[in-house]
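**Q** Mind folding the following:
(one chain, ligands or ions: 2)
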Amino acid sequence: MEQLLSPQVRQFLTDVYRLSVWLTILTVIFVPLERLFAAHPQKIFRKQIVTDLGYYFLSSLLPAVLLGYPIALLAWSVHQAVPATFLQTMATLPLFPKTIVALVATEVGYYWGHRLSHEIPFLWKFHSIHHSAEQIDYLVNTRAHPIDMVFGRFCGLIPLYVLGLGGPTSTKDSLIPVVVTLIGTIWGFFIHANLKWRFGPLEWLISTPAFHHWHHTKTPINRNYSSTLPWIDVMFGTFYLPSREFPTAYGIRAKMPDSLVDQLFYPLERSNSDFTSPQPAMTDTKSSLDPDEEAVEIR
Ligand SMILES: [Zn+2]
Ligand SMILES: [Zn+2]
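**A** Ligands and ions are numbered 1, 2, ... in the order given. So this is what the prediction gives:
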């Protein structure tokens, strides 16, 4: 049977099997936790769960294929533009500090890519699919149009390559983008989880579900763009985290089709005026979101 399959089909089936194993592990971890420590009462088989399962496989399989050429172009451009002596100096850093610098650099790149996805109407068309989820759990992490997913990842990789931490100059260096992407992906499932856990005084340092859930609130606030390091939002004046509550409603104002296929074509076909501008930034976040809420807002 195996001989009948081409190497590409065999690779595809292996990837699907690997992703199914990861999905089982994620489900075994998050589903019980989301029952025990739920931020909102919610069914396991919630609205849009089948669509999000489709996105889980799509978002895991496609970016690796789609990112190949842009990354090659990025590596070539960096090689042309960044002095070789700088790249060589960075290559001599020990692995641990190099990984920390890589994590921060990737997060800064991701922050700006994500922020632009809210501020530029064309990018918001694609990113709005991620925000259309009306119930949030760990699986919403993968609910993203492939263009949106690839753009976010690519923006994260730009500073990494410019700093000489993403080039395949050694086996260790080629590992760094993989490790950083893996940490970001695992944390991404956590911050979307329907979990009421809070980190108290550390919440400005490491992101929590509450921090990211506020990014998804239906009343648009255009805050909290970081995925793992909220202090980057503090630095750029977009940090918002009420001390007690979670948002009461998630989603977007525009009507999103239900099926995955329709959603994939939605940004390309849509000429609706909803998309002539991205979600407006809220000027008075405290009073507009919840008048009774004591907000922790650092600028
Ligand atoms: Zn967003
Ligand atoms: Zn999200």
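**Q** Scan the chain for its longest helix.
**A** Across the chain, the longest stretch assigned as helix under DSSP state H is helix 7-36.
**Q** what pLDDT, on average, does that helix get?
**A** On average, the pLDDT along helix 7-36 is 93.
**Q** How about residues contacting stretch 229-237?
**A** Contact partners of stretch 229-237, identified using CB atoms under 8 Å, 6 or more residues apart in numbering, comprise 103-104, 107-108, 111, 115, 203-207, 211, 223-226, 239-241, 298-299. The C-beta positions use only the backbone N, C-alpha and C, and glycine is treated the same way.
**Q** hmm, I was thinking of stretch 26-46
**A** Contacts of stretch 26-46 (CB under 8 Å, 6+ apart): 135-139, 189, 193-197, 209-210, 213, 246.
**Q** top of these by neighbour count?
**A** In terms of neighbours by other CB atoms under 10 Å, the contacts of stretch 26-46 top out with residue 193 at 28 neighbours.
**Q** That one reaches residue 186, doesn't it?
**A** No: at 11.4 Å, residue 193 does not count as touching residue 186 under the criterion of CB atoms under 8 Å.
**Q** how about the helices of the stretch 1-150 of the chain, start to end?
**A** Per DSSP state H, counting those that start in this stretch, the stretch 1-150 of the chain carries helices over the ranges 7-36, 49-66, 68-81, 84-91, 95-119, 121-131, 146-162.
**Q** Averaged pLDDT, the third one. What do you get?
**A** What that stands for is helix 68-81. pLDDT averaged over helix 68-81 gives 82.
**Q** what angle do that helix and helix 84-91 make?
**A** 120 degrees (axes from the mean of the first three to the mean of the last three CA atoms, to 10 degrees).
**Q** Identify each buried residue in helix 68-81, please.
**A** Neighbour-count burial for helix 68-81, with 16 or more other CB atoms under 10 Å as criterion, is recorded at 71, 74, 78.
**Q** list the contacts for the second one?
**A** Listed by CB under 8 Å, 6+ apart, the contact partners of residue 74 are 154, 157-158, 161.
**Q** Repeat that for the first one.
**A** Taking CB under 8 Å, 6+ apart as the criterion, residue 71 is in contact with 154, 157.
**Q** From residue 254, how far out is it?
**A** 32 Å (CB to CB, to the nearest Å).
**Q** what's the burial count for residue 144?
**A** Neighbours of residue 144 using other CB under 10 Å come to 22.
**Q** same thing with residue 266?
**A** Residue 266 has 22 nearby residues by other CB under 10 Å.
**Q** Would you mind measuring from it to residue 49?
**A** With CB to CB as the criterion, residue 266 and residue 49 are 19 Å apart.
**Q** next one: residue 25
**A** Counting by CB to CB, the gap from residue 25 to residue 49 is 18 Å.
**Q** more neighbours, the two?
**A** Neighbour count, other CB under 10 Å: between residue 25 and residue 49, residue 49 has more, with 15 against 10.
**Q** Settle this for me: that one is touching residue 139, isn't it.
**A** Yes: using CB under 8 Å, residue 49 is in contact with residue 139, at 7.0 Å.
**Q** shaky segments in the stretch 101-250 of the chain?
**A** 167-174 (pLDDT under 70).
**Q** quick one on the thing from earlier: which parts of the longest helix of the chain are buried?
**A** 23, 26, 30-31, 33-34.
**Q** Nearest to residue 179 among those residues?
**A** Checking these against residue 179 by CB to CB gives residue 26 as the nearest, at 18.8 Å.
**Q** how close does the closest one sit to residue 226?
**A** 22 Å.
**Q** List the residues that contact residue 226.
**A** Applying CB under 8 Å, 6+ apart to residue 226 gives the contacts 107, 110-111, 114, 207, 232-233.
**Q** Can you lay out those residues as a markdown table showing neighbour count?
**A** Converted to a markdown table, the contacts of residue 226 look like this (neighbours: other CB atoms under 10 Å):
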| residue | neighbour count |
| --- | --- |
| 107 | 22 |
| 110 | 26 |
| 111 | 21 |
| 114 | 23 |
| 207 | 26 |
| 232 | 20 |
| 233 | 23 |
